[in-house]
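Undergrad: could you look at this predicted model? Sequence included:
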Amino acid sequence: MTDEQLMECAKEAAGFSYSPYSNFAVGAALLTEEGTLYTGCNIENASYGATNCAERTAIFKAVSEGNRKLQKIAVAAGDGSTAYPCGICLQVMLEFMPEGIVILEENGELVRYRLTELLPKGFTL
């Protein structure tokens, strides 16, 4: 799957977002090393700590189905702005895809980051 196709899947996933508090819809599309696709959206809650980001939704879906070899993830905001992953999501990505690629859209262009560029000093064992 190309980066462009993965980003389109992330944009589609943003359409399922439940974000009545922030009004900031986010979608993520995750590709495993085996080529399996998982998508996720942000799911908010009145108790903000219970909110889950799109990236973690996709990763948790993959891991809960036995897929732990994650290759790359595309993240898209529903409004077309750049949706940089938060620190918690980056730390979860580091756990399951330490050599992974994060694909974002910046000013209409796809940009690829190595996870270690976005979280250079993450916590690991």
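TA: Here it is on my side, so go on.

Undergrad: Val111 should be in a helix, yeah?
TA: No - Val111: not assigned to a helix; according to DSSP: H, G, I helix; E, B strand; the rest coil it is strand.

Undergrad: surely it meets Leu118?
TA: No - counting by Cβ atoms under 8 Å, Val111 stays clear of Leu118, with 11.0 Å between them. For every residue, glycine as well, the C-beta is placed using N, CA and C.

Undergrad: higher neighbour count, those two?
TA: Leu118 (17 against 12; other Cβ atoms under 10 Å).

Undergrad: which residues touch that one?
TA: If you count contacts by Cβ atoms under 8 Å, 6 or more residues apart in numbering, Leu118 has them with Tyr84, Pro85, Leu90, Val102.

Undergrad: how far away is it from Met93?
TA: 8 Å (Cβ to Cβ, to the nearest Å).

Undergrad: go on, Ser17?
TA: Applying Cβ to Cβ to Ser17 and Met93 gives a distance of 19 Å.

Undergrad: re earlier: give me the common contacts of Leu118 and Met93.
TA: Residues touching both Leu118 and Met93 (Cβ under 8 Å, 6+ apart) are Pro85, Val102.

Undergrad: how about the helices in the chain?
TA: Taking DSSP state H to define them, one finds helices in the chain at 3-14, 54-64, 87-96, 115-118.

Undergrad: buried sites along the third one?
TA: By that I understand helix 87-96. By 16 or more other Cβ atoms under 10 Å, the buried positions in helix 87-96 come out as Cys89, Leu90, Val92, Met93, Leu94, Glu95, Phe96.

Undergrad: what comes into contact with that helix?
TA: 53, 55-56, 59, 62-63, 68, 70, 73, 85, 100, 102, 115, 118-119, 122-124.
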